[in-house]
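> Pasting a predicted model and its sequence here:
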Amino acid sequence: MLTEKRHKIILEMLQEKRSITVAEIKDTLGISESTIRRDLTSLDRDRKLVKVFGGAVALDAVPSVTELSVPQKLQVNEQEKRCIARYAASLIQPDSLIYLDAGTTTGYMLEYPMEKSVTFVTNAVEHARRLAIAGYHVLLVGGELRGTTEAVVGAQAVLTIQEYHFTMGFFGTNGISLRHGCSTPDSGEAFVKKTAMQQCSQVYVLADSTKFDEVSSVTFAGYQDVQIITERIPQGYEKCGNICLGSRD
């Protein structure tokens, strides 16, 4: 089936249902998931739909607000996350003030050697616990604790973060796209991330390659506003100058 025909059918499905999954498209068109994802990426770039995790939504629909729990996320793309985290940890210099965002990929950074003279500020309770046990100087941001992501959010967290000037910050994200930037399902977490980024001299977003061309409900950073650490450069991003590759070695 020609590309134009596939795109026409996908858009017709979307007009009827407002949101569609990769599985639904596969059942209708009988094509591979890789072809479907390329089609959705192309249609997203042409601003005919919004690609989200597992499918697409109409332009005037709300992207997915669902999110996996931390234990669930730990089982997804573990090796890719580890190579990203290893590279990120190697960037930290002595006597730095580091903001460490909540998330499983940022959490994997704690398994690799980092300078003991570093001070960490984090909104992740588990990150803070592990850093303290390992002998680091760590400051835990106060506020409301989200059960799903184990991240501290809210006005108190934002006000605290605004007092610091970080050497660099390492952040997680649910999706990255050229048009929609870095996004996450929860507005509270998005506000904390955005505030912390504004206080960082260097901003790094840690994301495995499956998160590219995915969109969540709330954008917290423009694509060009961050340095991205990933394990593989996805198609369509080869010419971007703000991507660093982690090594599996």
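Received it, and whenever you're ready, just let me know what you need. Numbering: from 1, shown residues only.
> So residue 35, which state does it fall into?
Put simply, residue 35 is helix when judged by DSSP: H, G, I helix; E, B strand; the rest coil.
> ok, now residue 238?
Put simply, residue 238 is coil when judged by three-state DSSP.
> For it, give me the pLDDT.
Here, the pLDDT recorded for residue 238 equals 90.
> Check the one 3 residues further on too.
Residue-level confidence at residue 241 comes out at 92, pLDDT.
> Next, count neighbours for it.
Residue 241: 6 surrounding residues under other Cβ atoms under 10 Å. For glycine as for every other residue, the C-beta is placed from the backbone atoms N, C-alpha and C.
> go on, the one 3 residues further on?
When neighbours are counted by other Cβ under 10 Å, residue 244 registers 15.
> Also residue 110?
18.
> what's the nearest residue to it if we skip its chain neighbours?
Excluding the flanking residues, the one nearest residue 110 by Cβ to Cβ, 6 or more residues apart in numbering is residue 130, at 5.1 Å.
> next one: residue 183
Per Cβ to Cβ, 6+ apart, closest to residue 183 is residue 216, 4.1 Å.
> tell me, how many neighbours does the one you found end up with?
Residue 216: 26 surrounding residues under other Cβ under 10 Å.
> any idea how far it is from residue 9?
According to Cβ to Cβ, to the nearest Å, residue 216 stands 26 Å off from residue 9.
> again, but for residue 117
Note on residue 117: its distance to residue 9, by Cβ to Cβ, is 59 Å.
> who are the neighbours in contact with residue 234?
Contact analysis of residue 234 by Cβ atoms under 8 Å, 6 or more residues apart in numbering lists 209, 212-213.
> can you pick the most crowded of those residues?
Taking other Cβ under 10 Å as the neighbour criterion, residue 213 ranks highest of the contacts of residue 234 with 26 neighbours.
> residues contacting it?
Contacts of residue 213 (Cβ under 8 Å, 6+ apart): 37, 40-41, 44, 51, 175-177, 234, 236.
> tell me the least confident of those?
Within these, lowest confidence goes to residue 51 (83).
> Please name the bridge partners of that one.
Assessed by DSSP bridges, residue 51 has beta-bridge partners residue 56.
> following the helix or strand of the chain at the bottom of the mean pLDDT ranking, which helix or strand comes up?
Ranking every helix and strand in the chain by mean pLDDT, DSSP states H and E puts helix 70-74 at the bottom, with a mean of 62. Using DSSP states H and E, the helix or strand that follows helix 70-74 in sequence is helix 78-90.
> and residue 117 and residue 9? which has more neighbours close in?
Remark: of residue 117 and residue 9, residue 9 carries more neighbours, 15 against 12, as counted by other Cβ under 10 Å.
> Now do the same for the more buried one: its pLDDT.
Listed pLDDT for residue 9 reads 94.
> wait, doesn't it sit right on residue 31?
No: counting by Cβ atoms under 8 Å, residue 9 does not reach residue 31; the two are 10.3 Å apart.
> Many thanks, we can stop here.
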